[in-house]
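Student: what follows is a predicted structure for the sequence shown.
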Amino acid sequence: GQQVMQIPQYQHVQEGEDFTTYCNSSTTLSNIQWYKQRPGGHPVFLIQLVKSGEVKKQKRLTFQFGEAKKNSSLHITATQTTDVGTYFCAGKPGSNYKLTFGKGTLLTVNP
Amino acid sequence: DAGVIQSPRHEVTEMGQEVTLRCKPISGHDYLFWYRQTMMRGLELLIYFNNNVPIDDSGMPEDRFSAKMPNASFSTLKIQPSEPRDSAVYFCASSRTSGFSSSYNEQFFGPGTRLTVL
C-alpha cells in the first residue's frame, strides 16, 4: 500500500532559527496536504498543493510540491514559540478521498 | 459553525467492555472519516463514509471494531470487546466534496476522544 515517510521525526530549534520538514511518498500523488497539531490538540489544515513544482507561501511558511509529485517540504523562516507542534503531511494518491498521513515532525522552539 | 463534535472527550474503561464513540460532522459535509492516533503508529485512517455509506474500511483493525453512520449528522465507532491495545486518541473528521477535478477536500478534525482501556 501507499506509504508516506516524513523526516525528521523531531526537531528542536532556538527561536529565530529556520525549520524544514520533508515528506516522501512511495507513489505519485494527486495532491498533498499539510496539517499542524498543537500539543493536546487536533490536526488543523494548513494548505493543499496540487500542481507539479508548486510553491505556496503563508507568511513565514513555504510549502513545496516536487516535480514528480512524490515529495513535498514545509519550511518555516524565523521560528516563533507559536510554531510549536507536530506538522503532518498527508498524501492523496488518486481520485478517492483517502489521505495517508506521514508520522509527523514534532517541532519544539526554545525561547 | 460548531465544527466537528465528538463525545465523550475522555473514556476510561476496563478490558472486555464495549466502547462507543460518537461524532457529529459539520453540517453539509458529505465525507466522514474515523482516525486513530498513537505514538507508535501515528495517525491511521480506520474507515470513511460518503453520503452515509461506508466506502473504505480497510483500516479497521479487526472484527471488534465497527462503525455506522445512520444519517448525515451522526456516526458511531464501536469497539466490542475493548482491549488495552485499543488505547489511543480517536479522531473524527469531515469534509465536503469539491466541484473541481482536483477534489479539494480539506478535512476538519474534531477534538478527539482519548480512550484508555485498563
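Tutor: Structure's in. What do you need? Numbers count the residues shown, from 1 in each chain, chains lettered A, B, ... in the order given.
Student: can you list the residues of chain B near chain A?
Tutor: B:31, B:42-45, B:48, B:50, B:55-56, B:91, B:93, B:95, B:102-112 (CB under 8 Å from any CB of the partner chain). C-beta coordinates here come from the backbone N, C-alpha and C atoms, glycine included.
Student: residues in contact with residue A:81?
Tutor: Contacts for residue A:81 were tallied using CB atoms under 8 Å, 6 or more residues apart in numbering or on different chains; they are A:15, A:109, A:111.
Student: so which of the residues you listed belong to strands?
Tutor: residue A:109 (DSSP state E).
Student: the bottom helix or strand of chain A by mean pLDDT?
Tutor: Every helix and strand in chain A was compared by mean pLDDT, DSSP states H and E; the lowest is strand A:100-101, with a mean of 92.
Student: from the chain's centroid, how far away is it?
Tutor: Offset of strand A:100-101 from its chain centre (CA atoms, centre = their mean, to the nearest Å): 11 Å.
Student: stretch A:19-39 now?
Tutor: The answer for stretch A:19-39 is 4 Å, by CA atoms, centre = their mean.
Student: which stretches in chain A count as strands?
Tutor: Using DSSP E, strands in chain A cover A:4-7, A:10-14, A:19-25, A:31-37, A:44-49, A:55-58, A:61-65, A:71-76, A:85-92, A:100-101, A:105-110.
Student: paired strands for the last one, with orientation please.
Tutor: Pointing back at strand A:105-110 there. Strands that pair with strand A:105-110, judged by DSSP bridges, come out as strand A:10-14 (parallel), strand A:85-92 (antiparallel).
Student: most tightly packed of the ones you listed?
Tutor: A comparison of the strands paired with strand A:105-110 by mean neighbour count, using mean count of other CB atoms under 10 Å in any protein chain shown, puts strand A:85-92 on top with a mean of 25.
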